[in-house]
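>>> Predicted model follows, preceded by the sequence.
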Amino acid sequence: MLLSAEPVLELINADIFQEGELILDDVTFKMEKGEFVYLIGRTGCGKSSLLKTLYADLSKPKGKVTVAGVSVESIKRVKIPLLRRKIGIIFQDFQLLNDRSVADNLIFVMRATGWKNSVKIKDRLNDVLMRVGLTSSMNKMPHQLSGGEQQRVVIARALLNEPVILLADEPTGNLDPEVAEEILNLFFEINRNGTAVLMATHNHQFLLKYPARTLRVADKKVMEHAMPA
């Protein structure tokens, strides 16, 4: 089967708003299928607003914003769940359900996104937990896991519906440096298997040690950023 040449993500002259305030102006860039891209910039510069716009959690942008083949600038509210099934979203603060086990956290999401067959649910649960190295932890509660393990659960959750792109908002921001590097390597492993990754980060050591295409957010603009040689 031939893959479509259509970018997995494309913004053309896009204006990004939050509560009516212009956050980013005239944003134009695209990501191809299977690409890994860092998103950098100071706190409050608009990185999170950009990511939230991409998964339709903020007011509609002006201009053109296409994610996984969906036009976000004109998306109807009823279609937003369909968009989010095509992408994986990873938060800094985990957002796990603390009253249920790792397995039940993931099963809850699968049920909510249309999975019905119990055998397929179990198979997919085992598959994503194996990918993040947590098969033995499926019956643990979130509070029994380390921060790095909780973030692995979040990544497993994001992989459930085989997304074409992961949008990660400072996914290592609350982790110790060694654990943060393990999580970054997991993202690169997922990327090598064909999933595009757009990752917001403050960690410039990542950029130096694991170079990849980098976009910088500053002064309401998103620009290609070249690291010094």
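Received the coordinates, thanks. Numbers count the residues shown, from 1 in each chain.
>>> ok, now how distant is Gly34 from Ala68?
Look at Gly34 and Ala68: by Cβ to Cβ, to the nearest Å, they are 13 Å apart. Quick note: C-beta positions are derived from backbone N, CA and C, even for glycine.
>>> Which of those two has more residues huddled nearby?
Neighbour tally, Gly34 and Ala68, criterion other Cβ atoms under 10 Å: the higher count belongs to Ala68, 22 against 16.
>>> Now do the contacts for the residue lying closest to that one once chain neighbours are set aside.
In this structure, Ala68 finds its nearest non-sequential neighbour in Lys86, 3.8 Å apart by Cβ to Cβ, 6 or more residues apart in numbering. Contact analysis of Lys86 by Cβ atoms under 8 Å, 6 or more residues apart in numbering lists Val67, Ala68, Gly69, Val70, Asn161, Pro163, Val164, Ile165.
>>> If I look at Lys86, what pLDDT would I see?
On the pLDDT scale, Lys86 is placed at 93.
>>> go on, the one 10 residues further on?
The pLDDT attached to Leu96 in the predicted structure is 92.
>>> measure the closest residue in space to it that isn't next to it in sequence to Ala68 for me?
Nearest residue to Leu96, sequence neighbours excluded (Cβ to Cβ, 6+ apart): Pro142, at 4.6 Å. Separation of Pro142 from Ala68 (Cβ to Cβ) stands at 29 Å.
>>> same check, this time on Asn117
Taken as Cβ to Cβ, the span from Asn117 to Ala68 is 24 Å.
>>> Pull out the buried residues from the lengthiest helix in the chain.
Counting by DSSP state H, the longest helix found in the chain is helix 177-192. Residues of helix 177-192 classed as buried: Val179, Ala180, Glu181, Glu182, Ile183, Leu184, Leu186, Phe187, Ile190, Asn191 (neighbour count, 16 or more other Cβ atoms under 10 Å).
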